[in-house]
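A.B. asks: Sequence and predicted structure are below.
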Amino acid sequence: MPDFVFPLAQKVLEKLASSAYEEISLAWGLKGEIEKLQETMSTIKAVLLDAEERQTSDRAIGLWLTKLKDVLLNARDLLDEIECEVLTSQVVKAHGSVGRKLRRFFSSSNSLVFRFSIGHGIKKIRERIDEIAAEKDKFNLIVQHEEKKIKHGRREPTYSYVRASEVIGREDEKQKIVELLMQSDDERNVDVIPICGIGGMGKTTLAKMVYNDGKVENHFDLKMWVHVSTDFNMPRLIKEIFESATRKVNENLTLEMLQIELRETLSGKKFLLILDDVWNENRNKWLELTDMLMEGSKGSKIVVTTRSNKVASVVSTVPTTFNLTGLSEEDSLSLFHKLAFKEGKDKPPEKLVEIGREIVKRCQGVPLAVRTLGSLLHSKVDEQDWTDVRDSEMWKLEQNEDDILPVLRVSYNELPSYLKQCFLYCSLFPKGYKFHISNVIQFWIALGVVLQSHDENKSLEYIGERHFRELWSRSFFQVDEGFYDIAERGLKNTFIMHDLIHDLSLSVAESECFIVNSQTKDIPKRVGNLSITDGGEDKVLTFLSSLDNVRTIRLVVNDEKEPSRACLVDKCITRFNYLQILDLSNSYFEMLPRSIGRAKHLRYLDLSGNKKMSKLPDSICKIQSLQTLKLEGCSNLEGLPRDMKYLISLRFLSISTNETFIPEDRIACLTSLRTLIISGCWNLVTLPDGLRCLTGLEDLRIIDCGKLMLNEADNVEIKRLRLQTLRLVVLPKMVALPGWLQGSADTLRYLHIARCGRLKKLPEWLTKMTSIQKFFISECPYLQSLPEEGMHRLTSLQEIRIAYCWKLEQNLKLIREDWVEKVYFDKGIFQRKFV
């Protein structure tokens, strides 16, 4: 896998430039060394983008980047050591010593030894980077401050012809698009219909079927086909559209003459233009092209095929994008048999047919995947050949340039490097995994791949969500339409990754991320991120003993009868000094090893779903770097550790506890907290008063707390808050919204209330929440009305969605105000707008 060093260099420079490191450099006498290091690194960073582009074609540059990456990782580790020291010092300063061991650590002798060690380490790294910087001159690298898209050359051009007898399936989809083409729009001469789907889904084939349909042929005066690809070059496109329209090639026309000729050619004609494989997301460029095409008569159509939802939204003039899904299993089998077996009268062997059926299921209806594997097995009759294909990972099979993974890799190649990093780390999750946005974002933040370099005023969570949404818009993720969670109602926050896209992530992450299972025979020495599914504890321990720089461990538990693996967890903690992510979700051990306190670089700890653990070790509170702690679903947990206040870096906390109340000092001091989830706390009676002191909190979810009593207390102090999302779900004893929520009047955007059986009315102050955009209410049978006055002041409101609130629905029918037009009623899966 190519090395992506630019984001790592950015991260190191970001740390060095922070005010915290500036103060340390002065206090510890390191200012000169750090300034030299910054200067050299800035020089190297200026040419890194060019180096990354050229590494695939120049092996020497690739080796140079690998050396640089190793040193930058060492630099990051050293800076993390300083960061841990600073965080611990802040805790001691704010709260006093946290125990005899820490008091000894902060004695003057240890402090001096630590500073000397850090100073020596920085000098050594600076000297090594100086040596590497000197080597860069021989490569003639170009200074490049902004990342540009790597030009991989245009893909093989497509054409409009298709032999109908060779196409299997897609008849229904073809008819739907043909029907759209037959319709006219009274407002526009030209409509644009996007067809969207992942690479290899058959978008181009479908466009060919539509283009050659008899009805389409008779309906349009003129038909044109142009393959666009990644290079949205205006002169080329105008020339190729003109040549397709006139069936003539003229190299002598200038661009000015071309656009005149093209507009005259289209004038008064009802035309169909297929623009195949469009990647351009720049709306201005798109409008510049379509301005040339507006001379056509009413009913003219442009069909755009693309892999990107963002492109589809840029070009579309119709209400919905045509999202192409997979072939049916029957059509997939027909296509596979056509390619894998020789034509003739002989019936294929039954055993091969059965194995073929299993192979086809892996393709999940993607025609190019079926073609790739069918062609691979063409004329092969050895059963072993077939089982090898069935049991092998797709990305490990030999493939030609136009097979499925090389085609999908084009999408990956078009990503900026920061998105490439985010994507490849998704390979650590299994196929079929349900990705919740907030969890993935915290995962990326802990890995250090979410940078604030260009958005210093935006939170890491905001930037991380933007990264995720961008990957989704490019079809790397799909909304999990089958997923239903009452706490997520109305939010597209749960996604899945197509198995073939997951295979792509495995192929690009091969040397960075690794999945350990019973078939594993060896692990690359440089791998830093592991997902351990099975393989036996002794075998896994043997593998781990050969590794040095592991930063991520996901321990996947498949069965409650499996050993607790507490010993394995302890070995991981003690061996890997720079462990940053430890995912132990759904595990069954009764006690987390006390050694967890030694994992001082840990940023992400997931213990969710452990139904046996009753207590957390106090040593967990020594991890001042911890940013994410997930404890939801720990139904046997008696309470939170008493020293929680020392976790001063915590940004995300989800908890389930058997406590009747949460002591004030557990949560109120966590001033870095951005997301708090209180879920499945069945004995909890009241919320801690300190909750309203969390002025940095942006996302609050209180879910399934049967005894929790919430009401609008009188004379409550209103503090300014930053809440953007509030979910109150399955709270049968809640009678009113807490008054302190008024502190989020300027920031709250999403409010969801569900299954609150005693809630009868909403407060009048709700109309002061002027930033609210989406409001969901469901299964509150006694709720009779929304605030009587002032709803019109909610100028940011986009929609109110109501489900199973019968009294509220009846009363809203009597209201005739403008804001009521934004109300929708959900009836199970049926939705209708209320006007």
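C.D. replies: Cool, got the structure. Numbering: from 1, shown residues only.
A.B. asks: The closest residue to Val527 other than its chain neighbours sits in which helix or strand?
C.D. replies: Residue nearest to Val527 in three dimensions, not counting chain neighbours: Phe514, with 4.6 Å by Cβ to Cβ, 6 or more residues apart in numbering. No exception for glycine: its C-beta is placed from N, CA and C like everyone else's. Following DSSP states H and E, one finds Phe514 within strand 513-516.
A.B. asks: Relative to that strand, what are the paired strands and their orientations?
C.D. replies: Strand 513-516 pairs in its sheet with strand 529-532 (parallel), by DSSP bridges.
A.B. asks: my read is Val228 is in a helix, agree?
C.D. replies: No - counting by DSSP: H, G, I helix; E, B strand; the rest coil, Val228 is not found in a helix; it is strand.
A.B. asks: Is it in contact with Val278, as I believe?
C.D. replies: Yes - the criterion here is Cβ atoms under 8 Å, and Val228 meets it with Val278 at 4.8 Å.
A.B. asks: Now do the helices in the stretch 701-835 of the chain.
C.D. replies: For the stretch 701-835 of the chain, applying DSSP state H, counting those that start in this stretch gives helices covering 806-812.
A.B. asks: pLDDT below threshold where in it?
C.D. replies: Within the stretch 701-835 of the chain, the segments meeting pLDDT under 70 span 714-716, 814-817, 826-835.
A.B. asks: now swap in the stretch 151-300 of the chain and tell me
C.D. replies: Using pLDDT under 70, the flagged stretches of the stretch 151-300 of the chain are 151-155.
A.B. asks: now the helices for it?
C.D. replies: Counting by DSSP H, counting those that start in this stretch, one finds helices in the stretch 151-300 of the chain at the ranges 171-182, 203-211, 214-219, 234-246, 255-266, 283-290.
A.B. asks: just the stretch 401-550 of the chain next, same as before
C.D. replies: Assigned by DSSP H, counting those that start in this stretch, the stretch 401-550 of the chain shows helices spanning 404-413, 417-425, 437-447, 460-473, 499-508, 537-545.
A.B. asks: Need the helices of the stretch 151-300 of the chain in TSV (columns: distance to Ser473).
C.D. replies: Putting the helices of the stretch 151-300 of the chain into TSV (distance: least, Cβ to Cβ, whole Å) gives the following:
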stretch	distance to Ser473
helix 171-182	22
helix 203-211	16
helix 214-219	29
helix 234-246	23
helix 255-266	31
helix 283-290	14
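A.B. asks: Can you tell me which of those helices is packed in deepest?
C.D. replies: helix 203-211 (a mean of 22; mean count of other Cβ atoms under 10 Å).
A.B. asks: Distance from the chain centre to that helix, please.
C.D. replies: Centre-to-centre, helix 203-211 and its host chain are 31 Å apart (Cα atoms, centre = their mean, to the nearest Å).
A.B. asks: Which residues does that helix contact?
C.D. replies: With contacts defined as Cβ atoms under 8 Å, 6 or more residues apart in numbering, helix 203-211 is touched by 158, 160-162, 164, 167, 170, 173-174, 177-178, 181, 195-197, 216, 223, 225, 272, 274, 276-277, 303, 305-307, 324, 367.
A.B. asks: next one: stretch 547-561
C.D. replies: 73, 425, 428-430, 447, 513, 523, 525-534, 544, 565, 568-569, 572, 575-576, 578-588.
A.B. asks: mind redoing it with 7 Å?
C.D. replies: Identification of contacts with stretch 547-561 by Cβ atoms under 7 Å, 6 or more residues apart in numbering yields 428, 430, 447, 523, 525, 527-534, 565, 572, 576, 578-584, 586-588.
A.B. asks: What separation do you get for the closest residue to Thr321 other than its chain neighbours and Ile198?
C.D. replies: Of all residues not flanking Thr321 in the chain, Ala312 sits nearest, at 4.3 Å (Cβ to Cβ, 6+ apart). Distance from Ala312 to Ile198, counting by Cβ to Cβ, to the nearest Å: 13 Å.
A.B. asks: For the one helix or strand Leu368 maps to, the averaged confidence score.
C.D. replies: Element membership of Leu368 [criterion: DSSP H and E] is helix 367-376. For helix 367-376, mean pLDDT is 88.
A.B. asks: what about Thr542, neighbour count?
C.D. replies: Neighbourhood size, Thr542 [other Cβ atoms under 10 Å]: 12.
A.B. asks: Check Glu166 too.
C.D. replies: Count around Glu166 with other Cβ under 10 Å applied: 9.
A.B. asks: Select the longest helix from this structure.
C.D. replies: Identified as the longest helix of the chain according to DSSP state H is helix 59-95.
A.B. asks: centre of the chain versus it, how much separation?
C.D. replies: Put simply, helix 59-95 sits 25 Å off its chain's centre (Cα atoms, centre = their mean).
A.B. asks: Packing partners of that helix?
C.D. replies: helix 6-16, helix 19-27, helix 31-54, helix 108-135 (3 or more Cβ pairs under 7 Å, 6 or more residues apart in numbering; DSSP states H and E).
A.B. asks: And the contacts of the second one?
C.D. replies: I take that to be helix 19-27. Lys15, Lys31, Ile34, Ile82, Val86.
A.B. asks: Thr305: what secondary structure?
C.D. replies: With three-state DSSP as the criterion, Thr305 reads strand.
A.B. asks: That one and Asp277: what is the separation?
C.D. replies: 6 Å.
A.B. asks: returning to what we had before: would JSON lines of the contacts of helix 19-27 with pLDDT and distance to Leu673 be doable?
C.D. replies: What follows is these, written out as JSON lines (pLDDT from 0 to 100; distance: Cβ to Cβ, whole Å):
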{"residue": "Lys15", "pLDDT": "84", "distance to Leu673": "22"}
{"residue": "Lys31", "pLDDT": "82", "distance to Leu673": "34"}
{"residue": "Ile34", "pLDDT": "85", "distance to Leu673": "31"}
{"residue": "Ile82", "pLDDT": "86", "distance to Leu673": "24"}
{"residue": "Val86", "pLDDT": "83", "distance to Leu673": "20"}
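A.B. asks: what packs against the helix or strand hosting the residue nearest to Thr321?
C.D. replies: Assigned by DSSP H and E, Ala312 belongs to helix 309-315. Contacts defined by 3+ Cβ pairs under 7 Å, 6+ apart place helix 309-315 against strand 190-196, helix 283-290.
A.B. asks: now these as a markdown table including distance to Lys69?
C.D. replies: Listed next are these as a markdown table, based on distance: least, Cβ to Cβ, whole Å:
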| stretch | distance to Lys69 |
| --- | --- |
| strand 190-196 | 36 |
| helix 283-290 | 35 |
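A.B. asks: between the ones you listed, which one is nearest to Asn658?
C.D. replies: strand 190-196 (47.7 Å; Cβ to Cβ).
A.B. asks: Which strands and helices lie in contact with the next helix or strand after the helix holding Leu368?
C.D. replies: Next along the chain after helix 367-376, taking DSSP H and E as the criterion, comes helix 383-391. Packing partners of helix 383-391 (3+ Cβ pairs under 7 Å, 6+ apart): helix 350-363.
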